[in-house]
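Asker: turn this into a structure:
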Amino acid sequence: MTDKENRRAPRQSHNSVVEIYDDAGHSIAEVAHLVDFSNVGACFSTPKVFAIGQRIRLRLRLLREGRLYIRARIIRAEKKTNTTFYGIEFEQVHEVG
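Answerer: As a prediction, this is how the structure comes out:
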């Protein structure tokens, strides 16, 4: 993702797998990679196609924050050759025990 000067919070690079679910809790992406994250949003890449404005749920594990369950909205997409990079805005973040 580009336009770093427009971000509301600093992002940290990250390279881990993220699980993505629809609003009903059904898995909707077999492969997704977390690219970076902040306290207000994140970027992930996947070959799966999502719509701008689509609401999703994610589960991921970060070393400092632990396991997180996140409700988010897709706010941007940048298509590359074999994948798309999606920017998301967090709506709710919960730590998973």
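Asker: how far off centre is the lengthiest strand in the chain?
Answerer: Longest among the strand segments of the chain by residue count, using DSSP state E, is strand 66-79. Here strand 66-79 is found 3 Å from its chain centre; the criterion is C-alpha atoms, centre = their mean, to the nearest Å.
Asker: tell me the strands beside that strand, with direction?
Answerer: Sheet neighbours of strand 66-79, with direction, are listed as strand 55-62 (antiparallel), strand 84-95 (antiparallel) (DSSP bridges).
Asker: and of these, who's closest to residue 76?
Answerer: Distance to residue 76, taken as C-beta to C-beta, is lowest for strand 84-95 among the strands paired with strand 66-79, at 4.0 Å. Quick note: C-beta positions are derived from backbone N, CA and C, even for glycine.
Asker: show me which positions of that closest one end up buried.
Answerer: 85-88, 90 (16 or more other C-beta atoms under 10 Å).
Asker: and residue 75, how many neighbours?
Answerer: The tally of other residues near residue 75 (other C-beta atoms under 10 Å) stands at 13.
Asker: contacting residues around it?
Answerer: 41, 52-53, 87-89 (C-beta atoms under 8 Å, 6 or more residues apart in numbering).
Asker: which intervals of the chain have sub-threshold pLDDT?
Answerer: In the predicted model, the chain carries pLDDT under 70 at residues 1-14, 63, 65, 97.
Asker: could you rerun that using 90?
Answerer: Across the chain, the ranges flagged by pLDDT under 90 are 1-17, 22-31, 37-39, 60-67, 95-97.
Asker: before we move on, the earlier item: closest one to residue 69 out of the contacts of residue 75, please.
Answerer: The closest of the contacts of residue 75 to residue 69 turns out to be residue 88 (C-beta to C-beta; 13.8 Å).
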